[in-house]
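In: predicted model and sequence follow; I will ask about them next.
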Number of protein chains: 2
Amino acid sequence: MSHSGGRRRPPTIHDVAREAGVSRGTVSRVLNGGHYVSPAAQEAVNAAIRRTGYVVNRHARSLITGRSDSIGFLLTEPQERFFEDPNFNVLLRGCTQALAAHDIPLLLMLAGTEDERRRITRYITAGHVDGVLLVSSHSGDPVAEQLREAGVPLVMCGKPIGVGSKVSYVAADDRDGARDMVRHLVSLGRRRVGVVTGPLDTPGGVERLAGYREVLAEAGIAYDERLVVPGDYSRASGEAGAELLLSRVPDLDAVFVASDLMAQGVLTALHRAGREVPRDVAVGGFDDSPAAVASTPALTTIRQPWDRISSEMVRVLLAQIGGDDQSAVILPTELVRRGST
Amino acid sequence: MSHSGGRRRPPTIHDVAREAGVSRGTVSRVLNGGHYVSPAAQEAVNAAIRRTGYVVNRHARSLITGRSDSIGFLLTEPQERFFEDPNFNVLLRGCTQALAAHDIPLLLMLAGTEDERRRITRYITAGHVDGVLLVSSHSGDPVAEQLREAGVPLVMCGKPIGVGSKVSYVAADDRDGARDMVRHLVSLGRRRVGVVTGPLDTPGGVERLAGYREVLAEAGIAYDERLVVPGDYSRASGEAGAELLLSRVPDLDAVFVASDLMAQGVLTALHRAGREVPRDVAVGGFDDSPAAVASTPALTTIRQPWDRISSEMVRVLLAQIGGDDQSAVILPTELVRRGST
DNA sequence: CTGAAAGCGCTTACAG
DNA sequence: CTGAAAGCGCTTACAG
């Protein structure tokens, strides 16, 4: 475009105005929707913009409008967890794309430590982003509450626990998904169905366990505490969980695992214990993450509609920035049958 | 902080000046390093800042300085590849952290399609970020050249192919790492060593293959084309590659694989073909990504120092934004021995 | 529909 | 060391 390495002064609205033979106000008006502008002026300005290569200076615009025209994607969990979890990638990608369609850049903000959270909260409340997509499932996360109080538009991924009802969220129907999976296992004739739950201070932990219990009850199978072990969504916790289950109920014939990553760990432990999947033990996961297909055998799982979750998060956030009230969106899940059941 | 949901007008430099009993110029001076400010004024201003809760309006500042105080992290590859690849996560996390230490937010920019690349390039050259961390290994990527020509500070991850020499990059020593791995395999007594390469239009593809050939030559082992198959860094290509190798050289006794993810695929194929690892076939990976430990057996691999790569990328970019010339940084790798050899 | 003018919040020479 | 003033590039009532 220009010579080697030199950034020359970019054209301003003033240059465009002169070029088009109109005032700067008129240029600004066509820039902002073209209301109250004659077709002739409109055209002259557009031509001038093309000729000069003008592009608006967002800083100047933001200074006036008070808006940054960017969105933050905030992670308040320890980072390892998120980066280990394939769901995170899918969500991040989906949100980036949905925002790109609106020409809105996404700022990735990682705040795994107390200290970082303080800094980021300050940064956000100072108005550097117009809204926040918050990925934090654990209850007791003060960030959500702080942002809400500061009046920052906010939408969470997953139904928040322990935050007032006044925060928007988008979530898959965890309980219903769990019901589908456990019904599937029961329909296969399995009766000693173990479960590796998610953390019980997360919605996925609580709701998926609740679905499991409901189906057991409806199938007339007694609830057995020995068949329930907690996990933390990590592969390692799935492995440990399966070992615990096997030690308590050696003849269990199915396991519902609250995430695919944990299910991978379960598979490993079952394999080591000499159990064949699905012949001896059927295994059902949750998420339909890349981990589900990478496993041997591939996992029967519950698909979370991540593409829709991310696009809905963006839609709700943008609406809220535009002045709408909070809202919650619950999306349906789907059973995907593969080799592990 | 304030009441429910209301963002009130935040304090400006003017409020601070009044509160401190000085002029706005003086406030600005302490904000920007405190040069030419008396200790007394300094202190009064700091106290006023604390009392008012003032935080600088970055838009106003940027409007003057012409800088955005933010950095872009740009991916110009098809997104699937990057999100499948654990290295990407590590790099993204590392850069975010390194930048956070400088209080600089990172904008994540995904441009997998021709169309998106055009838009993003425009966005960047318009000055919305001060510099770009570019992750694009393939040669023939026009984005790097365009950004360079527009004078945008830029540092790439991996040695660029086919871009003029005038672009900064940070890379692990691919060739040396490959040499270490192949030497290791040969030292184990293996003589029919296959290789699954990376794409040959990427530095990792070219350099790691070169290292392989060098060691074979130095060990007096004839180069055999049948032992060389190309991959694309995906798990699937590793699997296919191993199958091809086995069909051509059934008694091969080692495989050097140019990425851990591909090595996972190789493991799968070998397992299916009834070969035991490492007894029958030793397998060496590259990256030391999470995939290396997740595999069975765990992979002997070449560690890329991602933490240093990301921090060096940030350091070089910041230096360049500060006016320094381009520079290249090559970082040493390390052999990590695990169960697969 | 359009221009002239004020102002967003800050930085930076310029005089003192 | 410090204040007054100009100006960064834009938007938005305000008159016409």
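Out: Everything's here; your move.
In: end-to-end on stretch A:289-297?
Out: End-to-end span of stretch A:289-297 (C-alpha to C-alpha, to the nearest Å): 14 Å.
In: revised request: answer the last question for stretch A:328-341.
Out: 33 Å.
In: does that stretch come close to chain B?
Out: No - judged by C-beta under 8 Å from any C-beta of the partner chain, stretch A:328-341 stays clear of chain B, getting no closer than 14.0 Å. The way it works is simple: take the backbone N, C-alpha and C, and place the C-beta from them, glycine included.
In: how about stretch A:304-314?
Out: No - contact between stretch A:304-314 and chain B is absent, the nearest approach being 11.6 Å (criterion: C-beta under 8 Å from any C-beta).
In: so for that stretch, mean pLDDT?
Out: For stretch A:304-314, the mean pLDDT works out to 95.
In: list the buried residues of it.
Out: By 16 or more other C-beta atoms under 10 Å in any protein chain shown, the buried positions in stretch A:304-314 come out as A:304-306, A:308-314.
In: how deep is residue A:235 tucked in, by neighbour count?
Out: 24 (other C-beta atoms under 10 Å in any protein chain shown).
In: any idea how far residue A:323 is from it?
Out: 43 Å (C-beta to C-beta, to the nearest Å).
In: ok, now residue A:274?
Out: Distance from residue A:274 to residue A:323, by C-beta to C-beta: 61 Å.
In: equivalent analysis for residue A:99, please.
Out: 19 Å.
In: neighbour count winner among those two?
Out: residue A:99 (22 against 7).
In: so what's that one up against?
Out: Residue A:99 sits next to A:71, A:105-106, A:314 when contact means C-beta atoms under 8 Å, 6 or more residues apart in numbering or on different chains.
In: same deal with residue A:160?
Out: Neighbouring residues of residue A:160 by C-beta under 8 Å, 6+ apart: A:139, A:144, A:167, A:169, A:203.
In: and if you look at residue A:23?
Out: Counted by C-beta under 8 Å, 6+ apart, residue A:23 has contacts residue A:17.
In: and it, how far is that from DNA strand C?
Out: Distance, residue A:23 to DNA strand C, using C-beta to the nearest atom of the strand, to the nearest Å: 3 Å.
In: count of neighbours near residue A:39?
Out: Neighbours of residue A:39 using other C-beta under 10 Å come to 8.
In: actually, residue A:218.
Out: By other C-beta under 10 Å, the residues close to residue A:218 number 12.
In: for residue A:184, same thing?
Out: Quick note: residue A:184 (other C-beta under 10 Å) scores 20 neighbours.
In: beta partners of the nearest residue to it once chain neighbours are set aside?
Out: Spatial nearest neighbour of residue A:184, chain neighbours left out: residue A:335 (5.9 Å); criterion: C-beta to C-beta, 6 or more residues apart in numbering or on different chains. Per DSSP bridges, the residues bridged to residue A:335 are residue A:302.
In: I'd assumed residue A:300 was in contact with residue A:335.
Out: Yes - Residue A:335 lies in contact with residue A:300 (C-beta atoms under 8 Å); the separation is 7.5 Å.
In: who's more crowded, those two?
Out: residue A:300 (24 against 16).
In: contacts only, for the more buried one.
Out: Here residue A:300 is in contact with A:181, A:184, A:282-285, A:335-341 (C-beta under 8 Å, 6+ apart).
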